[in-house]
Each structure stands twice: as C-alpha cells, then as structure tokens.
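Engineer: predicted coordinates and the sequence they were generated for:
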Amino acid sequence: MLALGLLAGCQATQPSGTASTAGGVAQAGTSTAAADSADTGSGGGPGVVLPPTSGTFDYQLGGAYDVDGLDVVARDATESPAPGAYSICYVNGFQTQPGDTAQWRSEREDLLLHDASGELVVDPDWPDELVLDPSTQAQRDGILAVLGPVIAGCAQDGFQAVEIDNLDTWTRFTDAETGLVDEDGALALARAYVEVAHEHGLAIGQKNAAELAGAGRDLGFDFAVTEECAVYDECGVYTAAYGEHVLQIEYDDALPVPFDEVCALPDRAPLTILRDRMLQPADAGGHREQCP
C-alpha cells in the first residue's frame, strides 16, 4: 500500500512536499475576530466550526508565510496551521500530486483512471498529475485508505477545516476513449471525504465546481472555496448555496477588470482576495490584496 504521507499539494499552483499525518501538534487557536465570526455548521455535527465571514484571509498554497493579524488561512497539508488563525488544510482528493506519480503507478495503479487503450490518464493542464478513478466502491475504498489518513492528519496537526481539490474531474474527463470519470462515483467519493472530515471534527469546503454548488450542500459540504468566480461570472452561484461562507480568490494575471470593481460586485464573497497565480510567499514576490 502507498505510504500515508502522499502529497497534498496545490493543483492550481505548484508542487508541494510530502504530507505529514503525524499527530501531536497542539490545536491552533483562533484570533478574536475569527472566534467572533465563526459558527457551527449545520451539517458537520458537534465540534465542527465554519470559517469566519469577516476579518482577513490569505491563500498560501504556494508556501506558508507569516502575516500579522490573519483570521483565515488556507495552507497545504504539508504545512503547519497558521498560529492564531482559522486554518484550512488543502488536500487533492481526485488527482495525484506532483512527485507521487511513480509511487501510485508502482503500488496502486488500480486506483488510477485509464483510457480505452489502457493508458493512464494525465490531466492535460497539470501533466504531473494523474487522475484517480472513483468508479466503484472498491476503488473508492482504496483511495480513502490512502487519503483518509491525510485528512485525519490535518485534524491532528491542528487545522479546523479541509478543502478537497479537483472535485470537478467528472466534468472534465467525460469520454471513455480518452478517460471517463463516473459522475456517481465521484460524488460518492466526495460524500465519503465529507464523512471522514466530519468524523475528525473538521469542516469541509467545496473547492470550485460551480455546477455542483447546490448539490454540494446535500453532499454535506460546509462552505466553498472558489477561484476566479468573478472571471467566470460564477460568484452568485456559490453565495446562493453557501451564503457568506464562501472564500474567494482572484488572480492578478487574469482579472479582466480592476480589483476594486470586483470588490464592488454585489455577489462577491465577504472574504475576497487578489493573489499572484503561483501564490508565492511575500518574500518571494507574492502579492496579496483584500477587498475592504
């Protein structure tokens, strides 16, 4: 079986290191603003707390760095939670991570998606990521055996929530000849991730997949994380489903209007930021701006 320290890096940014599932790290505290604005999710059960809807937010998947006074921070599962902030743990739940390809291929190729000719399916936008195959219960059980401990490790390390990336694979791999992700299987795997997160006291965020926003609540997701919803005119879809519990990230290389115009949109999320595409730390040239 694969080691339980598979990568949980950022599909939308850059490769990350190996995720730790070791416990023993104290639960991260939350700042006053975070504690005042966080609330218990209706579907998560006792102990599950949703992200704040006010304060300051940063999306640090390209590398963790310290910013004074942050209330909500998303970091890769390979990183530690941000001290004093509500911390969200990033896990890629539907594709492999850069650096893990050889391990998946050698030890659990049965869990990977194949095309009609038997070749492994690669995400054309991220050629160092292979697509997982959640089509059967056995497949899903195998995937959970690998990634379930990563989610558990997020809780042990002190994160309060997890976001699961690439939920939308079933909308992008739709041809049996080139690789077909079964929609029912993908949604069943998503529901299983929700159950694992809630079992460990974590809120869980729907990552992108606007077409699933309404159904995402039924699957049990507690909040949403959306990238570039202003670019694709999808912000209202997320806020209609999740209310103020939406975290919005826009990127400075693709925004068609000035950021202050995005901030003025009636359907933008309360916590909306503008970031550099690679989500670099500030000392590496990273850029962060937040709507007032």
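Structural biologist: That came in fine, so what should we check first?
Engineer: ok, residue 197 touching residue 203?
Structural biologist: Yes. Residue 197 lies in contact with residue 203 (CB atoms under 8 Å); the separation is 7.2 Å. Any C-beta I mention is one placed from the backbone N, CA and C, and that applies to glycine too.
Engineer: element containing the residue nearest to the spatial centre of the chain, please.
Structural biologist: Residue closest to the mean C-alpha point of the chain, counted by CA atoms, centre = their mean, is residue 163 at 3.1 Å. Using DSSP states H and E, residue 163 maps to strand 161-165.
Engineer: any idea of the mean pLDDT in stretch 137-146?
Structural biologist: For stretch 137-146, mean pLDDT rounds to 97.
Engineer: if we go by neighbour counts, what in it is buried?
Structural biologist: 139-140, 142-144, 146 (16 or more other CB atoms under 10 Å).
Engineer: now do stretch 169-178
Structural biologist: 169-170, 173.
Engineer: dump these to CSV, plus secondary structure and pLDDT.
Structural biologist: Below are the buried residues of stretch 169-178 laid out as CSV (DSSP: H, G, I helix; E, B strand; the rest coil; pLDDT from 0 to 100):
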residue, secondary structure, pLDDT
169, helix, 96
170, helix, 95
173, coil, 97
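Engineer: got these as JSON lines, with distance to residue 61 columns?
Structural biologist: Supplementary listing: those in JSON lines, determined by distance: CB to CB, whole Å:
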{"residue": "169", "distance to residue 61": "19"}
{"residue": "170", "distance to residue 61": "23"}
{"residue": "173", "distance to residue 61": "23"}
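Engineer: from the residues you listed, pick the one nearest residue 280.
Structural biologist: residue 169 (26.5 Å; CB to CB).
Engineer: was I right to think that closest one contacts residue 94?
Structural biologist: Yes. Residue 169 lies in contact with residue 94 (CB under 8 Å); the separation is 4.6 Å.
Engineer: joint contacts of these two?
Structural biologist: 131-132, 181, 186 (CB atoms under 8 Å, 6 or more residues apart in numbering).
Engineer: which of these are buried?
Structural biologist: Buried among those by 16+ other CB under 10 Å: 131-132, 181, 186.
Engineer: which residue is the nearest non-sequential neighbour of the residue nearest to the centre of the chain?
Structural biologist: residue 205 (4.1 Å; CB to CB, 6 or more residues apart in numbering).
Engineer: pull the contacting residues for that neighbour.
Structural biologist: 51, 88, 161-164, 221-225, 247.
Engineer: still on that earlier bit, my read: the residue nearest to the centre of the chain touches residue 88, true?
Structural biologist: Yes. Residue 163 is in contact with residue 88 according to CB under 8 Å; the separation is 5.6 Å.
Engineer: what residues do these two have in common as contacts?
Structural biologist: Joint contacts of residue 163 and residue 88 (CB under 8 Å, 6+ apart) are 74, 205, 225.
Engineer: give me the neighbour count for the nearest residue to residue 62 once chain neighbours are set aside.
Structural biologist: Spatially, and ignoring its direct neighbours in sequence, residue 62 is nearest to residue 279 (3.3 Å; CB to CB, 6+ apart). Using other CB atoms under 10 Å, residue 279 has 23 other residues around it.
Engineer: ok, residue 279 touching residue 64?
Structural biologist: No. Using CB under 8 Å, residue 279 is not in contact with residue 64; the gap is 10.3 Å.
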